[in-house]
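>>> Provide a 3D model corresponding to the input given below.
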Amino acid sequence: QVHMVESGGGLAQAGDSLTLSCKISGRTFNTGGCGWFRQSPGKEREFVAAVTWSGYGTWYGEFMRGRFTVSVDNAANTVYLQMNRLQPGDTAVYYCAAKAEDGLWRRPQNYNSWGQGTQVTVSS
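From the prediction side, this is the model:
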């Protein structure tokens, strides 16, 4: 069973940068990839970014506007989400998730394994 643990969240000010990490264990498949989602109170879980395990394929939510970068380090079994120029609207719990199938990266229901989430709070 795939086990995922997020870290790197915290408090930031508008304009700051944060890098989230997702440590993955138990993965036995090389197809599919890892997605990042976020959720704030009263809102649905929102797609942030996704990357294939090879690192060659990446997808981003429309609100990214070039501010976020997703990457994978298979040697470290870790997926990263670099977040730049943070805004108060980025405040949310950020989750990483894994799936073994390609395609439909933006739909959370297509992911099989989830981490517990890490809180990101951005003040103005």
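
>>> what's the closest non-adjacent residue to the most centrally placed residue in the chain?
Residue closest to the average C-alpha location in the chain (Cα atoms, centre = their mean): residue 36, at 2.2 Å. Setting aside the residues directly before and after it, residue 36 is nearest to residue 48 in space (Cβ to Cβ, 6 or more residues apart in numbering), at 4.1 Å. For the C-beta atoms, the positions are set from N, CA and C on the backbone; glycine is no exception.

>>> surely the one you found meets residue 68?
Yes: between residue 48 and residue 68 there is a contact under Cβ atoms under 8 Å: 6.6 Å.

>>> more neighbours: which of the two?
Regarding residue 48 and residue 68, a neighbour count based on other Cβ atoms under 10 Å identifies residue 48 as having more, with 25 against 20.

>>> angles on the backbone of the more buried one, please.
Here the main-chain torsion angles of residue 48 (degrees, to the nearest 10) amount to phi -110, psi -60.

>>> quick check: neighbours shared by residue 48 and residue 68?
Residues touching both residue 48 and residue 68 (Cβ atoms under 8 Å, 6 or more residues apart in numbering): 60, 81.

>>> residue boundaries of the strands in the protein?
With strands called from DSSP state E, the chain shows them at 3-7, 10-13, 18-25, 33-39, 46-52, 58-60, 68-73, 78-83, 92-99, 113-114, 118-123.
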